[in-house]
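Peer 1: Sequence first, predicted model second:
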Amino acid sequence: MSYYDFTNKVPVNITFKGFENKNKNNLSPDNVIFVFDMAYYSEDFINYLDSNKYNHVIGAKKSSLYVNIKENKEKIKKKKKINNENVRFVKHEHKYKSNVRTRKKETVQIEKTCTRFLVTNLNNDYSDDKIKEIYINRWTVEIFF
């Protein structure tokens, strides 16, 4: 796993083995925000980060966040999988253009919307828009490597 400092635009050498951080003493939870894409989402990992007071923003699909609970034969209630008072969800929609082929074998461009949720333990000092900005900035890592 690689880590990147968005502010200074440099890679950071931090290694997690399982959920144990080898460089834990070098990190100050006050000035670090870990940003993870959907591939890293898990309730256990979020609880680990939160219990160690690591600030985080993690992308997740809606289906990862809720579980359907049948209250009776007809009614289904959605319940959050993460039962953690420090965690909140921020809805993030991203519009993009995609080329599709029609039945007449013509290519047309359509606009699609990708919806995901950001799971974070950042307090309300961080607006939803700021959390979205932090998550979007993770692409700087992709460009760097």
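Peer 2: Here it is on my side, so go on.
Peer 1: Go ahead and confirm Asn55 touches Ile46.
Peer 2: No. Shown here, Asn55 and Ile46 do not form a contact pair, counting by C-beta atoms under 8 Å, at 11.9 Å. Placement of C-beta: from N, CA and C, glycine included.
Peer 1: any residues in contact with both of these two?
Peer 2: Asn121 (C-beta atoms under 8 Å, 6 or more residues apart in numbering).
Peer 1: Which of those two has more residues huddled nearby?
Peer 2: Set Asn55 next to Ile46 and count neighbours by other C-beta atoms under 10 Å: Ile46 wins out with 23 against 19.
Peer 1: Could you confirm the more buried one falls within a helix?
Peer 2: Yes. With DSSP: H, G, I helix; E, B strand; the rest coil as the criterion, Ile46 is assigned to a helix.
Peer 1: Show me the helices in this protein, by range?
Peer 2: 43-51, 62-65, 128-136, 139-144 (DSSP state H).
Peer 1: what packs against the third one?
Peer 2: Applying 3 or more C-beta pairs under 8 Å, 6 or more residues apart in numbering; DSSP states H and E, one finds that helix 128-136 makes contact with strand 33-36, strand 55-60, strand 88-101, strand 107-120.
Peer 1: Tabulate those (CSV), appending mean pLDDT.
Peer 2: As requested, those are exported to CSV (pLDDT from 0 to 100):
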stretch, mean pLDDT
strand 33-36, 84
strand 55-60, 88
strand 88-101, 88
strand 107-120, 89
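Peer 1: among the ones you listed, which is the most enclosed?
Peer 2: strand 55-60 (a mean of 22; mean count of other C-beta atoms under 10 Å).
Peer 1: Who does that strand pair with, and is each partner parallel or antiparallel?
Peer 2: strand 33-36 (parallel), strand 107-120 (antiparallel) (DSSP bridges).
Peer 1: could you dump the ones you listed to a markdown table with distance to Ser127?
Peer 2: Output for the strands paired with strand 55-60, formatted as a markdown table (distance: least, C-beta to C-beta, whole Å):
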| stretch | distance to Ser127 |
| --- | --- |
| strand 33-36 | 14 |
| strand 107-120 | 11 |
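Peer 1: Quick check: which of those is nearest to Ile131?
Peer 2: In terms of C-beta to C-beta, the element of these nearest to Ile131 is strand 107-120, at 5.5 Å.
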